[in-house]
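J.: need a structure here:
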Amino acid sequence: MEADMTMERAKDAILDAALPHVPFDGWSAATLRAAVSDSGVAPALAQALYPRGAVDLALAYHARGDALMTAHAATADLAALRYSERVAALIRFRLEAAEKEAVRRGTTLFALPHHAPDGARAIWGTADAIWQALGDTSADINWYTKRATLSGVYAATVLYWLGDDSPGHHATWDFLDRRIADVMQIEKMKASLRDNAMVKAVMDGPLNLFAKVKMPTMPDDLPGMFRK
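T.: I've put the predicted structure just below:
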């Protein structure tokens with residue numbers, strides 16, 4: 001356990017040391033080299049912690065933002081908010097946990113074709129973290145559609161936020177509210193279609209197929225895992 005804690009501290013130390021270099025050198029090999037030197041972590045350990053180099057460093061920064069958002073959500077009083085407002089609040093928490101230039105440089109990195117899948121997984125992970133923080137219990141196709149929809153809203157909001165210089169980012173929060181309102185209108189339209197007898201007759205087959213879709217689960221019999 002102590003070794004694991006030491007590894008985590010070393011990983012955080014490198015990431016902390018990297019952040020001052022990111023605005024100048026981006027999430028790059030040069031940034032990682034400088035961070036390793038500044039942090040005092042042994043290069044061999046740094047290689048083990050960030051085996052793919054700068055892209056793993058950028059992903060670690062993204063994961064840190066998700067963790068900060070989750071921690072903020074756990075202490076925030078959201079009970080008086082409507083569900084859509086809670087979603088908006090968590091997206092706001094997520095952006096407020098980030099440094100804009102670090103995100104801007106990350107957006108550039110993950111726009112590269114060979115890193116695009118990593119960027120897509122990171123955004124999906126943020127959407128999943130938001131739904132988990134909100135207590136989502138869906139286990140069917142809704143598990144996927146909720147995260148896919150929220151990923152689109154989050155990605156669009158990030159891009160708007162990067163170019164927003166309004167006081168307190170008020171323009172971004174207004175943009176976010178409009179995107180969520182658009183999603184709510186789509187959900188209302190879907191609900192009205194489900195109540196239409198003709199649509200139900202046409203969609204009966206596909207809906208039965210969709211009902212078989214379940215959320216992904218981690219096998220509990222992998223090597224090194226113990227059943228409780």
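
J.: quick one: buried residues of stretch 175-186?
T.: Neighbour-count burial for stretch 175-186 flags 175, 176, 179, 180 (criterion: 16 or more other Cβ atoms under 10 Å). For glycine as for every other residue, the C-beta is placed from the backbone atoms N, C-alpha and C.

J.: Quick one: neighbours of the residue lying closest to the third one once chain neighbours are set aside, just the number.
T.: Right, residue 179. With sequence-adjacent residues excluded and distances taken as Cβ to Cβ, 6 or more residues apart in numbering, residue 179 is closest to residue 153, at 4.8 Å. Here the number of neighbours of residue 153 (other Cβ atoms under 10 Å) works out to 19.

J.: Where does pLDDT dip in the protein?
T.: The model of the chain has pLDDT under 70 over residues 1-5, 187-215, 217-228.

J.: what's the residue closest to the geometric middle of it?
T.: Centroid check for the chain by Cα atoms, centre = their mean gives residue 126 as the closest residue, at 1.6 Å.

J.: Isn't that residue up against residue 154?
T.: Yes - using Cβ atoms under 8 Å, residue 126 is in contact with residue 154, at 6.0 Å.

J.: Check the contact lists of those two and give me the overlap.
T.: The contact sets of residue 126 and residue 154 overlap at residue 94 (Cβ atoms under 8 Å, 6 or more residues apart in numbering).

J.: Domain ranges for this protein, per the record?
T.: 1-51, 56-210 (automatic domain parsing).

J.: can you give me the helices for the chain?
T.: 2-18, 22-25, 29-39, 43-49, 54-75, 83-96, 100-110, 116-133, 141-162, 170-194, 197-210 (DSSP state H).

J.: buried sites along the fifth one?
T.: Read that as helix 54-75. Buried residues in helix 54-75 (16+ other Cβ under 10 Å): 54-62, 64-66, 69-70, 72-73.

J.: For residue 22, which residues are in contact?
T.: Taking Cβ under 8 Å, 6+ apart, one finds 31, 101, 102, 105 in contact with residue 22.

J.: The last one: what's it in contact with?
T.: When you say that, I think you mean residue 105. Counted by Cβ under 8 Å, 6+ apart, residue 105 has contacts 22, 23, 26, 27, 58.

J.: Now the second one: closest residue in space that isn't a chain neighbour?
T.: To tie it back to what came earlier, the one meant is residue 23. residue 101 (4.4 Å).

J.: what does residue 15 give?
T.: That would be residue 60: by Cβ to Cβ, 6+ apart, it lies 5.4 Å from residue 15.

J.: is it true that the one you found touches residue 53?
T.: No - judged on Cβ under 8 Å, residue 60 makes no contact with residue 53 at a distance of 11.5 Å.

J.: anything in contact with each of the two?
T.: If you check residue 60 and residue 53 against Cβ under 8 Å, 6+ apart, no residue is contacted by both.

J.: Tell me how many other residues surround the closest residue to residue 108 other than its chain neighbours.
T.: Nearest residue to residue 108 in three dimensions, chain neighbours excluded: residue 26, at 6.6 Å (Cβ to Cβ, 6+ apart). Per other Cβ under 10 Å, the neighbour tally for residue 26 reads 19.

J.: Isn't residue 26 up against residue 109?
T.: Yes - using Cβ under 8 Å, residue 26 is in contact with residue 109, at 6.7 Å.

J.: Now the common contact residues for those two.
T.: With Cβ under 8 Å, 6+ apart, residue 26 and residue 109 have common neighbours residue 54.
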